[in-house]
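J.: Could you look at this predicted model? Sequence included:
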Amino acid sequence: MFLIITKYLIPKGFRGLTTFPFIFIRYPADKENRTFINHEKIHLRQQLELLILPFFVWYFLEFLFRLIQYKNRNLAYRNISFEREAYSKETDLGYLKKRPLFRFASYLKLDKK
């Protein structure tokens, strides 16, 4: 894992972006934010499980599906299975040590929010 601080590679409205093996962060202070870094490390694990490129294809397609479902970009993003797992487990700093393979799949359930 490599942490890189940059404000240019991260889309507006986001604090970080993970592309194996890099975690790009917008704000230097986030380098010390253990919850934020754990969230991004969960994405690294998800990317490895899906052999990186399929992760991004799945992520994009699921975002489009969620956008149609919710008709709201933020809700669509927050309900991508990868994000749901990362947000729900980001405060559990020991999560990656006990995380089952392909755990994100349990977050695919469709919710009406």
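T.: Thanks, I have it. All values derive from a computational prediction rather than experimental measurement.
J.: Contact partners for the closest residue to R84 other than its chain neighbours?
T.: Once flanking residues are discounted, R84 sits nearest to Y107: 4.0 Å by CB to CB, 6 or more residues apart in numbering. C-beta coordinates here come from the backbone N, C-alpha and C atoms, glycine included. By CB atoms under 8 Å, 6 or more residues apart in numbering, Y107 lies in contact with S81, F82, R84, E85, S88.
J.: any idea how far Y107 lies from E40?
T.: For Y107, the distance to E40 equals 17 Å [CB to CB, to the nearest Å].
J.: just L53 next, same as before
T.: Using CB to CB, L53 is found at 19 Å from E40.
J.: For these two, work out which one has more neighbours and name it.
T.: Taking other CB atoms under 10 Å, L53 and E40 do not tie; E40 has more neighbours (22 against 10).
J.: host element of the more buried one?
T.: Per DSSP states H and E: E40 is located in helix 34-49.
J.: So which residues make contact with the next helix or strand after that helix?
T.: Moving toward the C-terminus from helix 34-49, the first helix or strand encountered (DSSP H and E) is helix 53-70. With contacts defined as CB under 8 Å, 6+ apart, helix 53-70 is touched by 46-47, 49-50, 73, 75-77, 79-82, 110, 113.
J.: Take these and keep only those in strands.
T.: Assignment to strands by DSSP state E places none of the contacts of helix 53-70 there.
J.: pLDDT below threshold where in this protein?
T.: Along the chain, the parts satisfying pLDDT under 70 run over 110-113.
J.: Check the spacing between Q69 and I80 real quick.
T.: As for Q69, its distance to I80 is 11 Å (criterion: CB to CB).
J.: quick one: which of those two has more around it?
T.: Applying other CB under 10 Å to Q69 and I80 shows that I80 carries more neighbours, namely 22 against 16.
J.: In terms of distance to I5, which of the contacts of helix 53-70 ranks first?
T.: For the contacts of helix 53-70, the residue nearest I5 by CB to CB is Q47; the value is 20.3 Å.
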